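S.K.: Pasted the sequence and its predicted model underneath.
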Amino acid sequence: MRILIAEDDFVSRKFLFKFLNQYGECDVTVDGLETIEVFMMSLDEDNYYDLVCLDIMMPEVDGIQVLKTIRKLEEDKGLDEESKVKVIMTTALNNVEQIHTAFDSGSEGYAVKPIDTDKFKDVMKKLKLIS
């Protein structure tokens, strides 16, 4: 499995990398612009990510805008639903409106920090990323 972790906070980034590294190859970005660039490169190389963990509050471009851009890039490339990346939003805020916005924008999951690894694994199982 290929995983892209987009997280500006060092501690959260390190935690997610250590946790998700056991499930596949992890790439890490620290802001929204870099995340979009790396995702575009993966599409250009036909080396798609299976999972993107996307922090909502990031510098340059916020996570919701990154998510919308990812979905637009996939649409422009003509990817079918099966080929599209699964996105789990991560945030320190447990804001109902923000959760709805994330799902409306194309997110399949949502995790509030500090991340509960058991719940995160359950979401990954529901998304058929792990068994």
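M.R.: Nice, I can see it.
S.K.: residue ranges for the strands of this structure, please.
M.R.: 2-6, 25-29, 51-55, 86-91, 109-112 (DSSP state E).
S.K.: Most tightly packed of the ones you listed?
M.R.: Greatest average neighbour count among these goes to strand 51-55 (a mean of 27), per mean count of other CB atoms under 10 Å. Heads up, the C-betas are built off the backbone N, CA and C, glycines and all.
S.K.: in its sheet, what does that strand sit against?
M.R.: Strand 51-55 has these partner strands in its sheet, going by DSSP bridges: strand 2-6 (parallel), strand 86-91 (parallel).
S.K.: just to revisit the earlier point, the strands of the chain: which one's closest to His100?
M.R.: Closest to His100 of the strands of the chain is strand 109-112 (CB to CB; 9.8 Å).
S.K.: and the closest one, what other elements does it pack with?
M.R.: Contact here means 3 or more CB pairs under 8 Å, 6 or more residues apart in numbering; DSSP states H and E; on that basis strand 109-112 packs against strand 86-91, helix 96-104, helix 117-126.
S.K.: Contacts only, for Ile64.
M.R.: Neighbour list for Ile64: 56, 98, 101-102, 105 [criterion: CB atoms under 8 Å, 6 or more residues apart in numbering].
S.K.: So among those residues, which ones count as buried?
M.R.: 56, 98, 101-102, 105 (16 or more other CB atoms under 10 Å).
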